[in-house]
Each structure stands twice: as structure tokens, then as C-alpha cells.
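> A structural model of the following input is requested.
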Amino acid sequence: MKTKTFQAAWMVVAAIVIASCSSSSDDKNAATQAEAKPQVKIALATSASIPQTETFTATVESDVKNNIAPNAPLRIERIYFDVGDYVRKGQVVVQLDASNLRQLKLQIENQKVEFNRTSALYEVGGASKAEYDNMKMQLDVLQTQYRQLVQNTQLVAPISGVITARNYDDGDMYGGQPVLTIEQTNPVTLIINISETNYSLMHNGMPVDISLDAYPDEMFTGTVTTVYPTVSPTTHTFPVEITINNSAQKVRPGMFARATVNFGDKRHVLVPDAAVVKQIGAGDRYVYVYKDGKVSYNKVELGRQLDDKVEIISGVNDGDQVVIAGQTKLANGREVEVVK
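From the prediction side, this is the model:
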């Protein structure tokens, strides 16, 4: 009797265990089925005509730069301007030691007296033509030397511009470095380097938007003035010179600038920025494209960010349905369930 009772109890326990295992298995199958189709949200990729702009960094340069220096090692008596001062073309900027000039001027005065005396004698026959010509030649030589010395002791600005370097003080002896450097600041220029693919799109006269860190709330306009015909063998880029009208004298050489060039419009696809996925451990970008209940993992080339959308150069077609939520559980070719 005890044996039958034990067998019955064992059968009850076994039934409970089997039922429990069956229930657990059913739960796992249900969970697996639920995970088999991740839920995703999708959006439509649309095409649009998009300006193809590119921004380059550069440093403002003067259009013309001139170093002011004498022809001989003389003492500097006075420098009339300092760094940052604006000077006009022809203005005296440096006065050098004029002691030799004063001595030469005295010699000229004495020579004039001798020449006038000889000239008077020559007119009445008291001096020969050779004596007259000799005195005149000596006077001419001294006057020529004086003019040359004046040019070398009074240094003038050959251009209108801003003093950007001063290497001496009053009383210093000239030692080889330029006394002053003058840079023309109207116009000013930038040099940017464009890729080979954009070379054919550049031409003289193209407008360029210029922004400067010194004036964050102001935009300046530049113009392409030179597209250099040779490519750099190391960077495979072409230098392009941009000129900025600077009549207001606000832009100065050395300022950091950003030049934005518009290469025209192209029709490209736009997708929500939430659709773009970055590959872990790499810089590649991907977009999941939904079709016939499955997703494909498409590598894309990105263009510009336009508000909450991203320009796609390649990898997604106009009219494709792209996944914008639920990408974490996806893989290439996986079936998904679309939800709103």
C-alpha cells in the first residue's frame, strides 16, 4: 500500500516538473519569437536641390608687403611711426643720421661760390672754357651726391598701408634688418587650397563669403582673383587667391578667416539625422534601409547637415524607407516590425 502511494506521489511530482518545463520552454519560445522581429520606426528619404558649399580656413595676408631699409649702415635718428600706424605713400617714415648730409651741403655752397666766380670770369674772358666746364661738373657731382644721400637718410613709404614691424629704436645703428615693414591693407588677400574635383568649378570673379573670428557677427565678401594652374604633389590641391575690399580698414593681416565657397547646386538625398549610424571602432557611417519586411545595412557618404536632416552623397536612393529608431538590435538582412 505504501508502495502504490509513493508511486502516485512521484507521478504527481513528475507531472508538475514536466508542466513547469513545458511552460518555461513555451515562455522562451515566445520570447525568442518576440525578439526575432525588432520593432523599428521608418521615414522616407527624399531628394532636394542642395547648395554644394565648402568652408576653408586661411590667414589674412597683405596684398603688398614692403621692407624699409637704407642703402648704408647709418645711425637712426628718428622713426616717426610705430606698429599699427597707418602711413601714406611718399610720407617720410625714418630719418637717418644727417651729419654727412650737412657736410655735403656746406661743400655745395662753397662750390657754388667758386662756380659763380669762374662763370663771371669766363664771361669776360678771364677763365677758359675748360675751367668753366670743370667747375660746373664738380658742382653737378656734389648736387647728385646730395640728392642720393637725402634719399638714403630720409626713408619714405613706397606704398600706403599699416606698419606691421619695427626692428629699431631712435639712436640705434642700422644693422641689416628692415627698419620698418609696411603692408598694404586695401585690398587684403586669402589663399585657400581646393581639391582636384572642385578645380574646374572655380573661376575668377566668383563671390566668397568670409567670416573672421575678430568680427563674429559680421560677414565680409571676397572675390576669387587667381586660380593657380599647378597642383601640389603632396596634397593634390590647387591654391586659390581671394581678394577682400578693405576700404574700411577693419580686416588686418594675420587675422584668422573662414572662406565659404558655393560650387553650385546638386540634387542629393536627404534623410533624418537619426537615421545615420556610426560604425563602432571606425569612422564609417551607415543607414538601415527598410524593404519587404527586412533591413539592409548601407554604407553612406555624408554631405552637409541641414537642420534635422543630413545630405547623403551616396548609399541611399530617393524614395527609400530608412530606419530612424530601433537600430540597436538590427543586423543586415534582419526581419523587422514597423511601428508608428
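
> From now on I want contacts and neighbour counts done on CA atoms only, so please keep to that.
Fine.

> Give me the domain ranges for the chain.
38-50+267-338, 55-63+185-264, 65-182 (automatic domain parsing).

> quick check: mean pLDDT across the longest one?
Within the predicted structure, the mean pLDDT of domain 65-182 is 90.

> Can you get me the start-to-end distance on that domain?
Using C-alpha to C-alpha, to the nearest Å, the end-to-end distance of domain 65-182 comes out at 6 Å.

> Likewise for the shortest one?
From the first residue to the last, domain 38-50+267-338 extends over 8 Å; the measure is C-alpha to C-alpha.

> Tell me how far that domain lies from the chain's centre.
Taking C-alpha atoms, centre = their mean, to the nearest Å, one finds domain 38-50+267-338 lying 32 Å from the centre of the chain it belongs to.

> Please shift the residue numbers so they start at 20 in all later answers.
Got it, first residue is 20 now, which makes that one domain 57-69+286-357.

> Correct me if wrong: Thr208 contacts Glu80.
Yes: the pair Thr208 / Glu80 is scored as a contact, 5.2 Å apart, by C-alpha atoms under 8 Å.

> which of those two has more neighbours?
Counted by other C-alpha atoms under 10 Å, Thr208 and Glu80 do not tie: Thr208 has more neighbours, with 27 against 22.

> Tell me the bridge partners for that one.
Glu80, Thr262 (DSSP bridges).

> now swap in the one 4 residues further on and tell me
Beta-bridge pairing of Asn212 under DSSP bridges involves Pro258.

> Hmm, it is touching Ser251, no?
No: Asn212 is beyond contact range of Ser251, at 9.3 Å (criterion: C-alpha under 8 Å).

> These two: who's more crowded?
Set Asn212 next to Ser251 and count neighbours by other C-alpha under 10 Å: Asn212 wins out with 20 against 10.

> Could you measure from the more buried one over to Val314?
Asn212 sits 40 Å away from Val314, going by C-alpha to C-alpha.

> and Ala139, how many neighbours?
Counted with other C-alpha under 10 Å, the neighbours of Ala139 add up to 13.

> Val329 now?
19.

> Is it in contact with Leu289, as I believe?
Yes: contact criterion C-alpha under 8 Å: Val329 and Leu289 qualify, at 5.5 Å.

> just the strands in the stretch 120-269 of the chain please.
Assigned strands in the stretch 120-269 of the chain, in chain order: 173-175, 180-185, 199-202, 207-214, 226-231, 234-246, 256-263 (criterion: DSSP state E, counting those that start in this stretch).

> Could you say which one of these comes nearest to Ile69?
strand 226-231 (17.3 Å; C-alpha to C-alpha).

> chain center to stretch 59-71: distance?
Offset of stretch 59-71 from its chain centre (C-alpha atoms, centre = their mean): 30 Å.

> Stretch 174-192 now?
Taking mean C-alpha positions (C-alpha atoms, centre = their mean), stretch 174-192 and its chain are 29 Å apart.

> And it, end to end?
Span of stretch 174-192 from end to end, C-alpha to C-alpha: 15 Å.

> List of residues touching stretch 336-345?
By C-alpha atoms under 8 Å, 6 or more residues apart in numbering, the surrounding residues in contact with stretch 336-345 are 57-66, 288, 290-291, 293-295, 306-310.

> Which PyMOL command selects the buried ones in those residues?
Buried residues among these (16 or more other C-alpha atoms under 10 Å), as a PyMOL selection:
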select buried, resi 57+58+59+60+61+62+63+64+65+66+288+290+291+293+294+295+306+307+308+309
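
> Now do the contacts for Glu260.
208-211, 243-246 are the contacts of Glu260 under C-alpha under 8 Å, 6+ apart.

> And for Val290?
By C-alpha under 8 Å, 6+ apart, the contact list for Val290 reads 62-65, 328-331, 341.

> what are the phi and psi angles of Val102?
Main-chain torsions, Val102, degrees, to the nearest 10: phi -60, psi 130.

> how many neighbours does Pro197 have?
If you count neighbours by other C-alpha under 10 Å, Pro197 ends up with 16.

> Once you drop chain neighbours, what's closest to it?
Nearest residue to Pro197, sequence neighbours excluded (C-alpha to C-alpha, 6 or more residues apart in numbering): Ala88, at 4.8 Å.

> tally of neighbours for that neighbour?
Neighbours of Ala88 under the rule other C-alpha under 10 Å: 19.

> what's the answer for Gly144, then?
By other C-alpha under 10 Å, 10 other residues sit near Gly144.

> go on, Ile343?
21.

> about what we covered before: ok, the residue nearest to Pro197 touching Gly194?
No: in this structure, Ala88 is not within contact of Gly194 by C-alpha under 8 Å, at 9.7 Å.

> So which of the contacts of stretch 336-345 belong to strands?
Among the contacts of stretch 336-345, the members found in strands (DSSP state E) are 58-63, 65-66, 288, 290-291, 295, 306-310.

> For Leu123, which residues are in contact?
Leu123 makes contact with 161, 165 under the criterion C-alpha under 8 Å, 6+ apart.

> what's the spacing between it and Gln162?
Counting by C-alpha to C-alpha, the gap from Leu123 to Gln162 is 9 Å.

> Quick check: of the contacts of Val290, which lies closest to Ala146?
Sorting those by distance to Ala146 puts Glu330 at the head of the list, at 96.1 Å, by C-alpha to C-alpha.
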